[in-house]
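Colleague: Got a predicted structure here, sequence first:
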Amino acid sequence: MAALGPGGYARNDVVEKLPSVMAGVPARRAQSSPPPAPPVCLRRRTRLLAAPEDTVQNRVSLEKVLGITAQNSSGLTCDPSTGNVAYLAGCVVVILNPKENKQQHIFNTARKSLSALAFSPDGKYIVTGENGHRPAVRIWDVEEKSQVAEMLGHKYGVACVAFSPNMKHIVSMGYQHDMVLNVWDWKKDIVVASNKVSCRVIALSFSEDSSYFVTVGNRHVRFWFLEVSTEAKVTGTVPLVGRSGILGELHDNVFCGVACGRGQMAGSTFCVSYSGLLCQFNEKRVLEKWINLKVSLSSCLCVSQDLIFCGCTDGIVRIFQAHSLHYLANLPKPHYLGVDVAQGLEPRKAEAIYPDTVALTFDPVHQWLSCVYKDHSIYIWDVRDINKVGKIWSELFHSSYVWNVEVYPEFEDQRACLPSGSFLTCSSDNTIRFWNMDRSPDSHWQKNIFSNTLLKVVYVENDIQHLQDMSHFPDRGSENGMPMDMKAGVRVMQVSPDGQHLASGDRSGNLRQVAWWCLVYTSQLGLQYTGWIHELHFMDELVKVEAHDAEVLCLEYSKPETGLTLLASASRDRLIHVLNVEKNYNLEQTLDDHSSSITAIKFAGNRDIQMISCGADKSIYFRSAQRASDGLHFVRTHHVAEKTTLYDMDIDITQKYVAVACQDRNVRVYNTVNGKQKKCYKGSQGDEGSLLKVHVDPSGTFLATSCSDKSISVIDFYSGECVAKMFGHSEIVTGMKFTYDCRHLITVSGDSCVFIWHLGPEITNCMKQHLLEINHREQQQQQSTNDGEWSSHPRQETYASMPSEICSLSPGEQTEDELEDECEPEELLKTPSKESLDPDPRCLLTNGKLPLWAKRL
């Protein structure tokens, strides 16, 4: 923990020693230009920082999850008492109330990705299985969101779990290499019966009277009898008694779904195979009848008392009578792949492709059927009357790695292309998606029939082949005889400050796209990576630039207050391209300072413009812009070489400090003008992994970091103290952004999920207080400017006397003494006195008026 400095303000122990030149700065200089103070709310936060561990956890809460990671019906379940639907999203169980469109969340405290779940018959508990070494079977109290029991009995992962209808037992089946099938007395936390299964098991189902259960998988249908196994009057685990189903000529099939009959059909067991066969077994385990579903592939099955639902390829769900296997109808198909959600209902195309159905669960209370499709979309259908099926609720999520998130800028209504509070995400599924969590009724963006949160989907290059998730289907990934390309999609994106353009960087690398995009590169027989710029109103592609020979890792637009409109792109090919937006994205300059992949690039400065970049070569380059007769040029002013890899960086609202995320889990803060390190503190609370992302909130009060251990931290930017820490993603967090209303943090991950975190009132109030203080300083600055107080500063005279043919846009040419006189504020180094709350205007924010989002607060 950091020690408390004078005045109770938190000081961090890890601070770089000041250079000797700073030690020689006369005391009167510091008095004549006192540094700006940290916000008043930050100095009042000492008590907040010293709060207990559980309080730190609770300052940020998960409000919404946009995503699903259920691979099959084992990852989807329904509460038989309320009709709420639960599904997996990384390390989180999402409990959805479709009527109210509200979510509840249960976090796996072990931070392992969840693999299976099931409701208890009374709806009070959920059992989950997980992936990873020594995975646990956990029981959760739905009301309290707390863990009730933890049972360890598997080695590599849990494929499926289920409660017995009498709630006495829980069954858990391990992965194929685990081979263990356990029956638990979960209230006593003991295994009462166990056996080994040599083949892969995909699904299981309990009989209605709890006397037996059935497992299915690769050439496997087996009935397991609990009464015989648990009658033995011995202590400890007994062998689980099992008998194989008599498959006859169907013994070579892979069975992927099973459901024991209900009501009058309680003695029957129904199974479905990948090859599209629906089978019925009687009480003697004999295959009584089977029918061909007439589909290329089927994957899941669920039953009600009267109906059987079979999920198949191409969005097909077939409905049969349970007692006769008589075909009744098909469910309506979902959206076709590549649908424009903003257009609403469109005529169905004959050549359209629909996503495969991968999971089903039935709600006996409302007679609703929940379907999960392979493009990570969810539909809930009302099947009370199968001749008049209606849609109750639906959502369309990303189906692959989500790489980046951007919050759309706030504008006056007539200028904005998107409603207030919108944000964008991009993914390896080759889409850019526009979301809005709280749309006003009078917005011209009407709610569409597919989603309550999704505004628009841009399909880059109209490519829909990556929309279906093939990562969990290795045996089905090459259905068409073509190998799947795992490096497709949009890697990075950036919205222009005026909100009119969207730039995106590609990471595809498919050879089939090389010739079509740019024939010049065909001789390289390599990969071509491209950036797009779209116009948001109509999503028209304006420019396509073959900018880099490797995937684009970062994009950045220059700030409008600099008077220039530039776009910088950096790549794994070690190059930085500077494009002039006003000249139709013509190339202004190419920089090749870095010797390895460039991980982040930022523009800094207000009236001046700087470019800062960092990379895997452990270097940070500070550049200033100079305008000459032949155009704009960035000239290197400082080079910082660290001993650790630098993965990301962000600049605070004052444009004076840049925070860098480092491989050694530290955040290092540098002065943007002279490149000197001002602060170094822990960016992660764990002892493993590397810091991958860092983002400073819009007020410059806090920063958020993500670590390779999948954790997220919210840290006091001034003191380095951890204010909140979160987890929930099952893969690394690839992007994060604070919203402009200071109420939410949005994180995206390789698990295909988007998490929206609600910031507690302490954090939000500190941000707003800081913005008020900035506004107060701006008013003081403008008043002093109007009174002519700026005329005495030598910096202004320096700019006025420069030759007209070369006008410096950065203070990079100033002497070291001038830089220290002007830009050595110590708010990151020491606790200022109360008198320093009225700082000299030279050390204040100089970017003019506050943006609209700040004024609204």
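Modeller: Looks like it arrived, so ask away. Numbers count the residues shown, from 1 in each chain.

Colleague: Would you mind splitting this protein into its domains for me?
Modeller: Per the TED database, the structural domains of the chain span 64-396, 647-775.

Colleague: okay, those, which one's buried deepest?
Modeller: Of all the domains of the chain, domain 647-775 carries the top mean neighbour count, a mean of 22, counting by mean count of other CB atoms under 10 Å. Where C-beta positions appear, they are placed from N, C-alpha and C, glycine not excepted.

Colleague: Switch the domains of the chain over to TSV; also include mean pLDDT and distance to Y408.
Modeller: Below are the domains of the chain laid out as TSV (pLDDT from 0 to 100; distance: least, CB to CB, whole Å):
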stretch	mean pLDDT	distance to Y408
domain 64-396	92	15
domain 647-775	93	9
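
Colleague: Using JSON lines, lay out those together with distance to L454.
Modeller: What follows is the domains of the chain, written out as JSON lines (distance: least, CB to CB, whole Å):
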{"stretch": "domain 64-396", "distance to L454": "6"}
{"stretch": "domain 647-775", "distance to L454": "11"}
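
Colleague: Can you tell me the element K64 falls in?
Modeller: In this structure, K64 sits in strand 60-66 according to DSSP states H and E.

Colleague: Direction included, what does that strand pair up with?
Modeller: The partner list of strand 60-66 in its sheet, established with DSSP bridges, is strand 754-759 (antiparallel).

Colleague: Now do the partner strand: everything it contacts.
Modeller: Here strand 754-759 makes contact (CB atoms under 8 Å, 6 or more residues apart in numbering) with 59-67, 397-398, 402, 405, 425, 435, 437, 712, 714, 726, 728-729, 742-749.

Colleague: follow-up on the earlier one: outside of the strand holding K64 itself, list whatever touches it.
Modeller: 89, 92, 94, 103, 105, 107, 395, 397-398, 435, 437, 453, 714, 724, 726, 728, 744-745, 753-760, 763.

Colleague: Show me those residues that map onto helices.
Modeller: Counting by DSSP state H, the contacts of strand 60-66 place I763 in helices.

Colleague: need the helices for this protein, in chain order.
Modeller: So, for the chain - with DSSP H - the helices run 20-23, 27-32, 40-43, 46-49, 53-58, 226-230, 511-517, 761-786, 794-800, 816-823, 852-856.

Colleague: And these, which one averages the lowest pLDDT?
Modeller: Across those, helix 511-517 has the smallest mean pLDDT, namely a mean of 21.

Colleague: Give me the residue at the spatial middle of the chain.
Modeller: Central residue of the chain (CA atoms, centre = their mean): V748, 1.4 Å from the mean position.

Colleague: which residues touch that residue?
Modeller: Taking CB under 8 Å, 6+ apart as the criterion, V748 is in contact with 402-405, 425, 733-736, 754-755.

Colleague: can you pull the buried residues of stretch 451-459?
Modeller: 451, 453-459 (16 or more other CB atoms under 10 Å).

Colleague: can you tell me which two in the residues you listed are farthest apart?
Modeller: Using CB to CB, the two most remote members of these are T453 and Y459, lying 18.4 Å apart.

Colleague: that older thread, what's opposite the residue nearest to the centre of the chain in the beta bridge?
Modeller: Note on V748: beta-bridge partners by DSSP bridges are G735, V754.

Colleague: And the spatially closest residue to S749 that is not a sequence neighbour, how far from N387?
Modeller: Distance criterion CB to CB, 6 or more residues apart in numbering; nearest residue to S749, sequence neighbours excluded, is H729 at 3.9 Å. When distance is defined by CB to CB, to the nearest Å, H729 is 43 Å away from N387.

Colleague: try T672
Modeller: Here T672 is placed at a distance of 67 Å from N387 (CB to CB).

Colleague: ranges for the strands of the stretch 1-150 of the chain?
Modeller: 60-66, 76-78, 85-89, 92-97, 102-107, 114-119, 125-130, 136-141, 146-152 (DSSP state E, counting those that start in this stretch).

Colleague: again, but for the stretch 201-350 of the chain
Modeller: Counting by DSSP E, counting those that start in this stretch, the strands of the stretch 201-350 of the chain are 201-206, 212-217, 220-225, 238-239, 241-244, 255-260, 269-273, 277-281, 287-292, 298-303, 307-312, 317-321, 327-330.

Colleague: what helices or strands is the last one leaning on?
Modeller: What that stands for is strand 327-330. Applying 3 or more CB pairs under 8 Å, 6 or more residues apart in numbering; DSSP states H and E, we find strand 327-330 packed against strand 317-321.

Colleague: outside of the strand it packs on, which residues touch it?
Modeller: Strand 317-321 is contacted by residues 278, 291, 293, 295, 306-312, 326-331, 357, 360, 369, 371, 383, 386 when judged by CB under 8 Å, 6+ apart.

Colleague: Now for the nearest residue to V723 once chain neighbours are set aside: which residues touch it?
Modeller: Closest residue in space to V723, ignoring its immediate chain neighbours: V714 at 4.8 Å, by CB to CB, 6+ apart. Listed by CB under 8 Å, 6+ apart, the contact partners of V714 are 59-60, 702-704, 722-726, 745, 759, 763.

Colleague: Residues in a beta bridge with V714, which ones?
Modeller: Taking DSSP bridges as the rule, V714 bridges to A704, A724.

Colleague: distance of it from D592?
Modeller: Counting by CB to CB, the separation of V714 from D592 is 36 Å.

Colleague: again, but for E143
Modeller: Per CB to CB, E143 is found 60 Å from D592.

Colleague: repeat for L566
Modeller: Between L566 and D592 the distance is 18 Å, computed by CB to CB.

Colleague: Which one's more surrounded, these two?
Modeller: Ranked by neighbour count (other CB atoms under 10 Å), L566 and D592 place L566 first, with 23 against 9.

Colleague: mind checking how far the more buried one is from V669?
Modeller: With CB to CB as the criterion, L566 and V669 are 25 Å apart.

Colleague: Then V658?
Modeller: Using CB to CB, one gets 7 Å for the distance from V658 to V669.

Colleague: same question, N72
Modeller: For N72 relative to V669 (CB to CB), the value is 47 Å.

Colleague: go on, V191?
Modeller: Taking CB to CB, one finds V191 at 53 Å from V669.

Colleague: returning to that earlier point: who wins for proximity to S629 among the domains of the chain?
Modeller: Proximity to S629 (CB to CB) singles out domain 647-775 among those, at 26.3 Å.
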